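> Have a look; sequence and predicted model below, questions after that.
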Number of protein chains: 2
Amino acid sequence: LVYSKLKSQLLQDPAFEFTDDSRQWVERMLDYNVPGGKLNRGLSVIDSYKLLKEGKELTEDEIFLACTLGWCIEWLQAYFLVLDDIMDNSHTRRGQPCWFRVPKVGLIAANDGILLRNHIPRILRRHFREKPYYVDLLDLFNEVEFQTASGQMIDLITTLEGEKDLSKYTMPLHHRIVQYKTAYYSFYLPVACALLMSGEKLDDHIHVKDILIEMGTYFQVQDDYLDCFGDPKVIGKIGTDIEDFKCSWLVVKALELANEEQKKLLYEYYGKPDPDSVAKVKELYQALDLQGVFEEYEKESYKKLISSIKDHPSKAVQAVLESFLEKIYKRQK
Amino acid sequence: LVYSKLKSQLLQDPAFEFTDDSRQWVERMLDYNVPGGKLNRGLSVIDSYKLLKEGKELTEDEIFLACTLGWCIEWLQAYFLVLDDIMDNSHTRRGQPCWFRVPKVGLIAANDGILLRNHIPRILRRHFREKPYYVDLLDLFNEVEFQTASGQMIDLITTLEGEKDLSKYTMPLHHRIVQYKTAYYSFYLPVACALLMSGEKLDDHIHVKDILIEMGTYFQVQDDYLDCFGDPKVIGKIGTDIEDFKCSWLVVKALELANEEQKKLLYEYYGKPDPDSVAKVKELYQALDLQGVFEEYEKESYKKLISSIKDHPSKAVQAVLESFLEKIYKRQK
Ligand SMILES: [Mg+2]
Ligand SMILES: [Mg+2]
Ligand SMILES: [Mg+2]
Ligand SMILES: [Mg+2]
Ligand SMILES: [Mg+2]
Ligand SMILES: [Mg+2]
């Protein structure tokens, strides 16, 4: 509902005179790419905002604005995914062909990605420009987008085709990629939006940011773990991180724990497409008990996160962070 | 000099922890793509700002800020060009291979384009966030980028591969593509930046915007004209608009003026790569006296622009617009 409204406003944007063809194109492009995800990020804005209001009833207007910010994050996500699929030469996304693989789209998808990105400030300007936190909202989206693109860059250049080199895969690098490429926009951004709407200044919440970044890192480690050890029926896809030579938490941990012989094995079989190679790597993961190591990591992360959260002076903020953490702790998908 | 300073600030941006590899990558990417153009757009900011100050000496700080905005426009241009070359599958740009064709770059170039785009708000925030016009600057760059991407979209979907259809090529469509794809960022944006720095509100200058958009359109018509009738030695490249099935002012005009037989000829030979087809189209352009038609258009445009400029109440603004116009009137390259 909010989505339809935002879409129709964009299709009537006075800053651009649409032709019929181009209006249709944008509408189809939006419907194909923006809704249809799990909407976790978008919904987090509303959940967080509710908790920050400490039980006070939200006005209709507040609900609309929080949903709008949620949708802006979904737009941002769509923008990243459209371009990421082009760069990764992927085939499917959310159970359908990637946008650039749709007939007649092709590399026009790159410009569509740009358009998705440009829709965000159009939406923000329309609905927030009179708000005292408007400029902070612009700065926030700009900063987070910059961080995500920077994280994407280190990811791309470390997995540069033809330079498969496991020795680059270390925990600090893994942490850096995950932090920038995923955690800022998926974890920090929704809560930061809710904080701004509540009249808070983000500079007063550096600690909240740090906790959310750690939570995002933990989330990605789970993702890496489930890619190999999760139930494909539950997670809805078959993991291919090993085949794809991904800088996964598992391979980095394996490299840390392996003896010389095991390292050799990893160097030989990691990133090969054939099932035998993949099986060899998985055996090694078992031999190193990475499942146990992961469970230990999960417990430890949870403990640390809970204790950081408890240190926070505001009960409302504690509630936001706890609710976020409970959503992801021990998730199976 | 200003460029080096901005670059080194970006490479030290505290919002992102660079690895050595990624810092090197960004530096090389910037040096390859950002300087090296004609800098027309960037220099226009400074020229315009000087004229708006009506002879008052600029402080060092003002010069630096005007140059910084000029560079932001060059960054924007670099971003558009990097992505446009990917989408057009181009080979060379400014006398060197397109960035995405440089070994090991490939589609990482798409993310590099995004990074270039993200550098702009980083630069603006660093140098302008305390200025009263900071938020207007953000809105301006956002709006102009949106318009450019929208213009690019109509360009891309009207020349969709496999749907070569001349009947779509009309003057209103040509005008719309040119206005959005080129005129806003090349003509309006530099002057708008200078106006903001001078403490003006852009809403008070709609008329200036309209004039600059008309000037940008006139500029692009010249570009289309020179592509066919200019001296390759002077313009530095051999035009290929006819081969490329471009929605050029010339073909649109030809379609307007042609009789049925001549139209058939255009439908048959326009957009074909072989020299004979191209020659047939050029002969037709001669037969329709498009050179004369263009000269008439040029004279008329100039007259109209001058008279719109004279209507403007401020002498300083008149000077800005006139100086812009004189730079491009009857240009040969
Ligand atoms: Mg991908
Ligand atoms: Mg990727
Ligand atoms: Mg994964
Ligand atoms: Mg091009
Ligand atoms: Mg193009
Ligand atoms: Mg041209």
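Perfect, thanks for sending it. Numbers count the residues shown, from 1 in each chain, chains lettered A, B, ... in the order given. Ligands and ions are numbered 1, 2, ... in the order given.
> Now do the strands in the stretch 1-150 of chain A.
Ranges of strands within the stretch 1-150 of chain A are A:92-93, A:96-97, based on DSSP state E, counting those that start in this stretch.
> Of all these, which one is nearest residue B:176?
strand A:96-97 (30.7 Å; C-beta to C-beta). (Each C-beta comes from the backbone N, C-alpha and C, glycine too.)
> Quick check: mean pLDDT of that closest one?
The average pLDDT within strand A:96-97 is 90.
> that older thread, tell me which of the strands of the stretch 1-150 of chain A lies nearest to ligand 6.
Closest of the strands of the stretch 1-150 of chain A to ligand 6 is strand A:96-97, at 34.1 Å (criterion: C-beta to the ion).
> Name the nearest residue to whichever residue of the stretch 201-333 of chain A sits closest to ligand 4, ignoring sequence neighbours.
Closest to ligand 4 within the stretch 201-333 of chain A is residue A:244: 32.3 Å, counting by C-beta to the ion. Of all residues not flanking residue A:244 in the chain, residue A:271 sits nearest, at 7.1 Å (C-beta to C-beta, 6 or more residues apart in numbering or on different chains).
> for residue A:243, same thing?
Spatial nearest neighbour of residue A:243, chain neighbours left out: residue A:273 (5.1 Å); criterion: C-beta to C-beta, 6+ apart.
> The one you found touches residue A:245, doesn't it?
No - here residue A:273 does not reach residue A:245: they are 9.9 Å apart, not a contact under C-beta atoms under 8 Å.
> okay, these two: which has more neighbours?
residue A:245 (18 against 11; other C-beta atoms under 10 Å in any protein chain shown).
> Quick check: that one vs residue A:102, distance?
28 Å (C-beta to C-beta, to the nearest Å).
> related to what we said a few turns ago, double-check the residue of the stretch 201-333 of chain A closest to ligand 4 against residue A:272; I have them as touching.
No - contact criterion C-beta under 8 Å: residue A:244 and residue A:272 do not qualify, at 10.4 Å.
> Can you report phi and psi for residue A:245?
phi 60, psi 40 (degrees, to the nearest 10).
> ok now the longest helix seen in chain A, how far from the chain's centre?
Across chain A, the helix with the greatest residue count (assigned by DSSP state H) is helix A:60-88. Relative to its parent chain, helix A:60-88 has a centroid offset of 11 Å by C-alpha atoms, centre = their mean, to the nearest Å.
> related to what we said a few turns ago, SS state for the residue nearest to residue A:243?
Recorded secondary structure, residue A:273: coil (DSSP: H, G, I helix; E, B strand; the rest coil).
> And for residue A:87, the neighbour number?
Neighbours of residue A:87 under the rule other C-beta under 10 Å: 17.
> Now do the contacts for it.
A:156, B:107-108, B:110-111 (C-beta atoms under 8 Å, 6 or more residues apart in numbering or on different chains).
> With residue B:106 as the reference, measure out to it.
From residue A:87 to residue B:106 the distance is 9 Å (C-beta to C-beta).
> how many other residues sit next to the closest residue to residue A:43 other than its chain neighbours?
Setting aside the residues directly before and after it, residue A:43 is nearest to residue A:70 in space (C-beta to C-beta, 6+ apart), at 6.2 Å. By other C-beta under 10 Å, 26 other residues sit near residue A:70.
> Quick check, residue A:70 in contact with residue A:47.
No - between residue A:70 and residue A:47 there is no contact under C-beta under 8 Å: 9.4 Å.
> ok so, going back, pLDDT value on the residue nearest to residue A:244, please?
On the pLDDT scale, residue A:271 is placed at 89.
> ditto for residue A:161
On pLDDT, residue A:161 comes in at 63.
> same question, residue A:228
So, for residue A:228, pLDDT stands at 91.
> so it sits in a helix?
Yes - judged by three-state DSSP, residue A:228 forms part of a helix.
> for chain A, what are the low-confidence residue spans?
Within chain A, the ranges that satisfy pLDDT under 70 run A:161-162.
> mind listing the helices in the stretch 1-150 of chain A by residue range?
Remark: helices assigned in the stretch 1-150 of chain A by DSSP state H, counting those that start in this stretch are A:2-10, A:20-33, A:40-52, A:60-88, A:108-128, A:134-158.
> What of the stretch 201-333 of chain A?
A:206-229, A:232-235, A:249-257, A:260-269, A:275-287, A:290-310, A:315-328.
> Show me what counts as buried in the longest one.
By neighbour count with 16 or more other C-beta atoms under 10 Å in any protein chain shown, helix A:206-229 contains the buried residues A:208-209, A:211-228.
> Of these, which fall within the contact range of ligand 2?
Taking C-beta under 5 Å from the ion as the test, ligand 2 is in contact with none of these.
> Quick one: closest of the helices of the stretch 1-150 of chain A to ligand 5.
helix A:108-128 (8.9 Å).
> That closest one close to chain B?
Yes - against chain B, helix A:108-128 shows contacts by C-beta under 8 Å from any C-beta of the partner chain at A:108, A:110-112, A:114-115, A:118-119, A:121-122, A:125.
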